[in-house]
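Trainee: From the sequence below, what's the structure:
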Amino acid sequence: MTFKNWKSDFLIRAADDGVSSIILDQISPFLKPSDEAMQSDIAQPEARKTLQHYVNLTVSETRVTQGRIALSQQMTVFDQIESEYQVDRHIVAAIWGMETNYGSIRGNVPVISALSTLASQGRRASMFEAQLLAAFDIVKRGIKSPDQMLGSWAGAMGHTQFMPRSYIDFAVSANTGIPDIWTENPADALVSTAHFLVCHGWKSDTTWGQVAYVPDTSDLHFLRHHPPQTPKNWEGLGILTASNSRSDYLGLLLLPGGAASLGFVVSENFNTLLHYNNSAAYAIAVGHLADRLQGGAPLTFPLGGDTRGLTQPEMQFVQSRLTELGFDTINADGFTGPNTEIAIEAFQIAQGLPVDAFAGLELLSHLQSL
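Mentor: Next up is the predicted model:
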């Protein structure tokens, strides 16, 4: 479907859903393709860098230093966050740092254009159309006009990059009035982020997780599917966890970089971070940055991990080859999802490989040899 055809169809459906002709006429000129959104959607960093590269890039010494300065400068609002929402200030500051480098890079892409481009491409059309309708609601309420809604290529806005639907559902003011996440003052955005986390189940007395060291001889399939355990119980299963003063929590074992990279035992708060950005690499980077802001040490990755992530064509080959071999990935779009991970795991079991469900260079090489 061409963008023009999608736009015509979407406007008809929006009108049928009750969007007034006044709002549609006001927004329609801003429904136009964005080359930046189209290209960026293909090469998201969480999908193309290894976990080690992604963490080292996003949790740099400069970002840690800037974060400590930002915490000091915004002490009043962070005091408010911990008092009213019981969310650790370092987690909120880490999200702020990850999303916009503490407000310095908030994006200048027209949000209406970005969302309409992504909706028209079809891969996640329903999600982006829902975000568009939420943006329409922001306009309808008189909060922002279409030309004032600027943000990232994915349609996220403000200091902590709220999508339009999240703004409608979770944005709150640090004082009174309409929440303004776009202003130079980050207070409303930071408080809104804390409110978002609480609404998605954040637990004030629980860490996000910690590093876990998995012996080479471990039964990865058993451990990865094991019910949540305390770090002490994980140690009883042979998994050594990094020391943590808040270690009394139930956690799952994750191997987001595969068996050759670091493992993590993560809590329910990790799952809450996934609601903010559904990428394990992102959630780990946020948690690690929060730890660094409190004086924690950098992560030390083992030698021997992948030097790079798979390209989209390589990932499509992996998916297609697995399907040909009887391990159906359902789709060969070049993006790793639950169906692809299930197929990889089944293939690894059948081949007697370490069962980490990880799509890396070793798996690619193995499939190319068959």
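
Trainee: residues touching residue 272, list them.
Mentor: By Cβ atoms under 8 Å, 6 or more residues apart in numbering, the contact set of residue 272 is 197, 200, 201, 202. Glycine gets a C-beta too; all of them are placed from N, C-alpha and C.

Trainee: can you redo those as JSON lines with secondary structure?
Mentor: Shown next, in JSON lines, are these (DSSP: H, G, I helix; E, B strand; the rest coil):
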{"residue": "197", "secondary structure": "helix"}
{"residue": "200", "secondary structure": "coil"}
{"residue": "201", "secondary structure": "coil"}
{"residue": "202", "secondary structure": "coil"}
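
Trainee: farthest pair in these?
Mentor: Pairwise distances among the contacts of residue 272 were taken by Cβ to Cβ; the largest, 8.2 Å, belongs to 197 and 201.

Trainee: More neighbours: the two, which one.
Mentor: residue 197 (25 against 11; other Cβ atoms under 10 Å).

Trainee: I'd like the distance from stretch 167-180 to the chain centre, please.
Mentor: Stretch 167-180 has its average C-alpha position 22 Å from the chain's average C-alpha position, going by Cα atoms, centre = their mean, to the nearest Å.

Trainee: same question but for stretch 262-275, I mixed them up
Mentor: 11 Å.

Trainee: Would you map the strands across the chain?
Mentor: 109-110, 150-151, 209-213, 240-241, 252-254, 263-266 (DSSP state E).

Trainee: winner for burial among the ones you listed?
Mentor: Across the strands of the chain, averaging neighbours per residue (mean count of other Cβ atoms under 10 Å) puts strand 263-266 on top, at a mean of 26.

Trainee: Direction included, what does that strand pair against?
Mentor: strand 209-213 (antiparallel), strand 252-254 (antiparallel) (DSSP bridges).

Trainee: got the phi/psi numbers for the spatially most central residue of the chain?
Mentor: Among the residues of the chain, the one closest to the centroid is residue 277, at 2.3 Å (Cα atoms, centre = their mean). Main-chain dihedrals, residue 277, degrees, to the nearest 10: phi -150, psi 120.

Trainee: hang on, isn't it packed against residue 285?
Mentor: No: counting by Cβ atoms under 8 Å, residue 277 sits too far from residue 285 to count as a contact (9.6 Å).

Trainee: mind checking how far residue 229 is from residue 174?
Mentor: Separation of residue 229 from residue 174 (Cβ to Cβ, to the nearest Å): 39 Å.

Trainee: what do you get for residue 256?
Mentor: 34 Å.

Trainee: Which neighbouring elements make contact with the longest helix seen in the chain?
Mentor: In the chain, with assignment by DSSP state H, the single longest helix is helix 125-140. Judged by 3 or more Cβ pairs under 8 Å, 6 or more residues apart in numbering; DSSP states H and E, the packing partners of helix 125-140 are helix 3-16, helix 21-27, helix 111-121, helix 164-170.

Trainee: Same list, these, but as JSON lines with mean neighbour count and distance to residue 183 please.
Mentor: As requested, those are arranged in JSON lines below (neighbours: other Cβ atoms under 10 Å; distance: least, Cβ to Cβ, whole Å):
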{"stretch": "helix 3-16", "mean neighbour count": "14", "distance to residue 183": "29"}
{"stretch": "helix 21-27", "mean neighbour count": "14", "distance to residue 183": "23"}
{"stretch": "helix 111-121", "mean neighbour count": "25", "distance to residue 183": "16"}
{"stretch": "helix 164-170", "mean neighbour count": "20", "distance to residue 183": "14"}
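
Trainee: pLDDT below threshold where in this structure?
Mentor: 42-47, 122, 243-247 (pLDDT under 70).

Trainee: between the strands of the chain, which gets nearest to residue 14?
Mentor: That would be strand 109-110 among the strands of the chain, by Cβ to Cβ, at 18.0 Å.

Trainee: In the sheet, which strands lie alongside that closest one, parallel or antiparallel?
Mentor: Partners of strand 109-110 in its sheet, by DSSP bridges: strand 150-151 (antiparallel).

Trainee: just how off-centre is the partner strand within its chain?
Mentor: 18 Å.

Trainee: And the contacts of it?
Mentor: 106, 107, 108, 109, 110, 111, 114, 157, 158, 161, 182.

Trainee: In contact with the fifth one, which residues?
Mentor: By Cβ under 8 Å, 6+ apart, residue 110 lies in contact with 30, 34, 146, 147, 149, 150.

Trainee: ok, now residue 162?
Mentor: 156, 170, 171, 181, 189, 192, 196.

Trainee: how many other residues sit next to the nearest residue to residue 220 once chain neighbours are set aside?
Mentor: Here the nearest residue to residue 220 in space, its sequence neighbours aside, is residue 355; by Cβ to Cβ, 6 or more residues apart in numbering that works out to 4.7 Å. Per other Cβ under 10 Å, the neighbour tally for residue 355 reads 22.
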